[in-house]
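# Predicted model and sequence follow; I will ask about them next.
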Amino acid sequence: MGNSDLRKLPGNRVKPLATRVSLTNTNKANGAIGAIANPFESDAAQWLAIGWTRTLPETTETLTPKDNTHD
Amino acid sequence: MTNFIGQTLFVAEALPTTNTAAAFAALTWVRVNGELDLFQLGVTHSMVEIPKLSGFTTVDKGAGTGSESTATFEEVPSDAGQEDIKNAADGDSGILSVKIVDGSGAANAPVSGDPVIYAQGIAHSHVPNQPTNTTFQGFSISFRQNAPTIVATEPA
């Protein structure tokens, strides 16, 4: 019986993988500004409490001239 | 008997939130190439002497101090790890975390489960080699450990 078969058995719940989050250092007391850490989501609070912030995803959105105008 | 050949050095220019393997594993590690020798990690303790009038001086265990050691490197142009460790040693705070790996992968690359040693501390005293006709281009950097060593394994 393969793993995929095991997952289909009733009551045999698959444990979700722990996810990591990307954090950026903003406090020089922690080291270089801009340093990246990837703790588990469950540990993120203790990093955020001392000056790490969630890394913003890169955006590919570009502004067109129309977007810059205010009606 | 096991020697140290093939062990490699990684650095992160940041401190872990706690002195634990999980927190160290969260840092972004960069390999430092060109190593000739690595930092000697560990803790030494002072002894508190009790000079008893009985004529025998006993001791209590005193405070621990992180190891101070120097690693030397051959210059590897454009090596990101060498740039990071130099930046830390030359910078104002010197904050650095180090990881020594006994990697089992190709070119000693770390593989999940390989033995690793973590330490956090201060990098300082970046000294380029003296130019002579018997020396090579390289440098040394010292590291003072600021917390006990963490022995762990390479995370998945």
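All right, it came through fine.

# Let me see the confidence value for the spatially most central residue of chain B.
The centroid of chain B falls nearest to B:Phe39 when counting by CA atoms, centre = their mean (4.3 Å). Listed pLDDT for B:Phe39 reads 97.

# just checking, it touches B:Leu96?
No: the criterion here is CB atoms under 8 Å, and B:Phe39 misses it with B:Leu96 at 9.9 Å. (C-beta placed from N, C-alpha, C; glycine too.)

# OK, contacts around whatever residue of chain A ends up closest to chain B?
Of all residues in chain A, the one sitting closest to chain B is A:Gly31 (3.1 Å; CB to the nearest CB). Contacts for A:Gly31 were tallied using CB atoms under 8 Å, 6 or more residues apart in numbering or on different chains; they are A:Asn25, B:Ala12, B:Glu13, B:Ala14, B:Leu15, B:Ser93, B:Ile95, B:Leu96, B:Ser97.

# Now it: closest residue in space, sequence neighbours ignored.
Once flanking residues are discounted, A:Gly31 sits nearest to B:Ala14: 3.1 Å by CB to CB, 6 or more residues apart in numbering or on different chains.

# Can you list phi and psi of that neighbour for me?
The phi and psi values for B:Ala14, taken as degrees, to the nearest 10, are phi -160, psi 160.

# Close to chain B: what parts of chain A are there?
Residues of chain A lying near chain B by CB under 8 Å from any CB of the partner chain: A:20, A:25, A:28-32, A:35-40, A:43, A:46-47, A:50.

# Show me what from chain B comes close to chain A.
B:12-15, B:17-18, B:22-23, B:26-28, B:87-88, B:91, B:93, B:95-97.

# Among those residues, which lie within strands?
Judged by DSSP state E, strands contain the following of the residues of chain B next to chain A: B:Ala12, B:Ile95, B:Leu96, B:Ser97.

# And for chain B, the residue most distant from the center?
Of all residues in chain B, B:Ser54 has its C-alpha farthest from the mean position, at 43.7 Å, by CA atoms, centre = their mean.

# Tell me if it really is in a strand.
No: counting by DSSP: H, G, I helix; E, B strand; the rest coil, B:Ser54 is located in no strand; its state is coil.

# Now the common contact residues for B:Phe39 and B:Leu96.
Joint contacts of B:Phe39 and B:Leu96 (CB under 8 Å, 6+ apart) are B:Phe143.

# Would you quantify the distance from whichever residue of chain B sits closest to chain A to B:Thr65?
Residue nearest to chain A within chain B: B:Ala14 (3.1 Å; CB to the nearest CB). Using CB to CB, to the nearest Å, we find B:Ala14 at a distance of 23 Å from B:Thr65.
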